[in-house]
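A.B. asks: Kindly return the folded structure for what I paste below:
(2 chains)
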There are 2 protein chains.
Amino acid sequence: MIRHTVVFSLRHAAGSVEEGAFLRDARVLAKIPGVEKFEQLRQVSAKNDYAFGFSMEFVDEAAYGRYNDHPDHVAFVKDRWMPEVARFLEIDYVPV
Amino acid sequence: MIRHTVVFSLRHAAGSVEEGAFLRDARVLAKIPGVEKFEQLRQVSAKNDYAFGFSMEFVDEAAYGRYNDHPDHVAFVKDRWMPEVARFLEIDYVPV
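C.D. replies: Just a heads-up that it's a prediction; the model follows:
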């Protein structure tokens, strides 16, 4: 199991129509083959200033690679993530 | 549901006896009342240089607060976390 997470903040104002549209449209990622346990999360710790997180799991590195290369992921990164996300940090986990 | 996560690196060498002892002894946190789905994870993304993560869930903010204040948590932070952890970032999530 590989858990891929990304914590991020959007360029959009909190609660804006654009913020809602980004989160709604990002659900396309959940439909990419191999994606399991897709979650959209709100980041609430006062110890960092990111606003949201996505989390998903893959059965193995090969499945993660196929997701990364999938046209729907590539298009989302280019058309939505890069223009709309202000800052982000990717954190990936496997069991110890 | 609140998911409390912390990504971190130890001062110890990778694979050292001290690293193993830290991870083993940290399991005390899993036994604190209110802690659910406690996980010890290895951080594997090349896009950051943290080495490990812990993840746990609480039913609500009150349960999270009781964990923070619990003597076993307070003692672990003082006696093990502060001297042995080199860098860390806390990230907490709730469902969007």
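
A.B. asks: List, one by one, the residues from chain A near chain B.
C.D. replies: By Cβ under 8 Å from any Cβ of the partner chain, the residues of chain A that approach chain B are A:2-4, A:7, A:23, A:39-45, A:47-48, A:50, A:52-53, A:55, A:89-96. (C-beta placed from N, C-alpha, C; glycine too.)

A.B. asks: one more time with 6 Å, if that's ok
C.D. replies: Residues of chain A lying close to chain B by Cβ under 6 Å from any Cβ of the partner chain are A:7, A:40-42, A:44-45, A:47, A:53, A:90-94, A:96.

A.B. asks: pLDDT weak spots in chain A?
C.D. replies: Applying pLDDT under 70 to chain A flags no residue at all.

A.B. asks: can you give me the helices in it?
C.D. replies: Listed in chain order, the helices of chain A (DSSP state H) span A:17-25, A:61-69, A:71-76, A:82-84.

A.B. asks: is it possible to export those helices to CSV including distance to B:Pro33 and mean neighbour count?
C.D. replies: Below are those laid out as CSV (distance: least, Cβ to Cβ, whole Å; neighbours: other Cβ atoms under 10 Å in any protein chain shown):
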stretch, distance to B:Pro33, mean neighbour count
helix A:17-25, 34, 13
helix A:61-69, 36, 14
helix A:71-76, 41, 13
helix A:82-84, 41, 11
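
A.B. asks: returning to what we had before: nearest to B:Trp81 among the residues of chain A next to chain B?
C.D. replies: Of all these, A:Lys47 has the smallest distance to B:Trp81: 13.8 Å, by Cβ to Cβ.

A.B. asks: Can you tell me how far that closest one is from B:Phe88?
C.D. replies: In this view, A:Lys47 and B:Phe88 are 9 Å apart by Cβ to Cβ, to the nearest Å.

A.B. asks: do the same with A:His12
C.D. replies: 29 Å.

A.B. asks: Which elements pack onto the longest strand seen in chain A?
C.D. replies: Ranked by residue count, the top strand of chain A under DSSP state E comes out as strand A:85-95. Applying 3 or more Cβ pairs under 6 Å, 6 or more residues apart in numbering or on different chains; DSSP states H and E, we find strand A:85-95 packed against strand A:2-10.

A.B. asks: one more time with 10 Å
C.D. replies: strand A:2-10, strand A:52-58, strand B:2-10, strand B:36-43, strand B:52-58, strand B:85-95 (3 or more Cβ pairs under 10 Å, 6 or more residues apart in numbering or on different chains; DSSP states H and E).

A.B. asks: quick one on the thing from earlier: of the residues of chain A next to chain B, buried ones?
C.D. replies: Neighbour counting by 16 or more other Cβ atoms under 10 Å in any protein chain shown classes A:7, A:40-41, A:45, A:53, A:91-93 among the residues of chain A next to chain B as buried.

A.B. asks: just to revisit the earlier point, identify the contacts common to A:Lys47 and B:Phe88.
C.D. replies: Common neighbours of A:Lys47 and B:Phe88 (criterion: Cβ atoms under 10 Å, 6 or more residues apart in numbering or on different chains): B:Val6.
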